[in-house]
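[1] here is my input, please return the structure:
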Amino acid sequence: MRQALAHKGLPVDAAAQTVRFPRAVIEDMLAACPAKFEVFDREGQPAFVLGDGESKIAAGHNAVFWLDSNTGETRPRR
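    Residues are numbered from 1 along each chain as shown. So this is what the prediction gives:
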């Protein structure tokens, strides 16, 4: 993945095994996202729509660690 992102022009630090996403890249990607889209379950059935104005909650999400982009330290999510 790092090689693919480097090929796209993103700054890759091979020694630290990190890729930086400059603000402009993030802004361009967000601008390309649709304002609303349908999410499907594991069986391919419609589950819900994101962006429809209804709040959604994902309990027990899988982001259990943070990576500090300045120090490279991995720490538990608080």
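
[2] the residue nearest to residue 2 when sequence neighbours are not counted and residue 42, how far apart?
    The shortest distance from residue 2 to any non-neighbouring residue, by Cβ to Cβ, 6 or more residues apart in numbering, is to residue 12 (5.1 Å). Bear in mind the C-beta positions are built from the backbone N, C-alpha and C, glycine included. Between residue 12 and residue 42 the distance is 33 Å, computed by Cβ to Cβ, to the nearest Å.

[3] residue closest to the middle of the protein?
    With distances taken as Cα atoms, centre = their mean, the chain has residue 26 as the residue nearest its mean C-alpha position (9.9 Å).

[4] secondary structure element for that one?
    helix 23-32 (DSSP states H and E).

[5] list the contacts of that helix.
    Residues external to helix 23-32 that are found in contact with it (Cβ atoms under 8 Å, 6 or more residues apart in numbering): residue 10.

[6] for the worst-scoring helix or strand of the chain on mean pLDDT, what is the distance to the chain centroid?
    Lowest by mean pLDDT, DSSP states H and E among the helices and strands of the chain is strand 65-67, with a mean of 74. Distance of strand 65-67 from the chain centroid (Cα atoms, centre = their mean, to the nearest Å) equals 13 Å.

[7] cool, and stretch 10-20?
    Its chain's average C-alpha position is 16 Å from that of stretch 10-20, according to Cα atoms, centre = their mean.

[8] just the endpoints, please. Distance across it?
    Across its full length, stretch 10-20 reaches 7 Å end to end, with Cα to Cα, to the nearest Å as the criterion.
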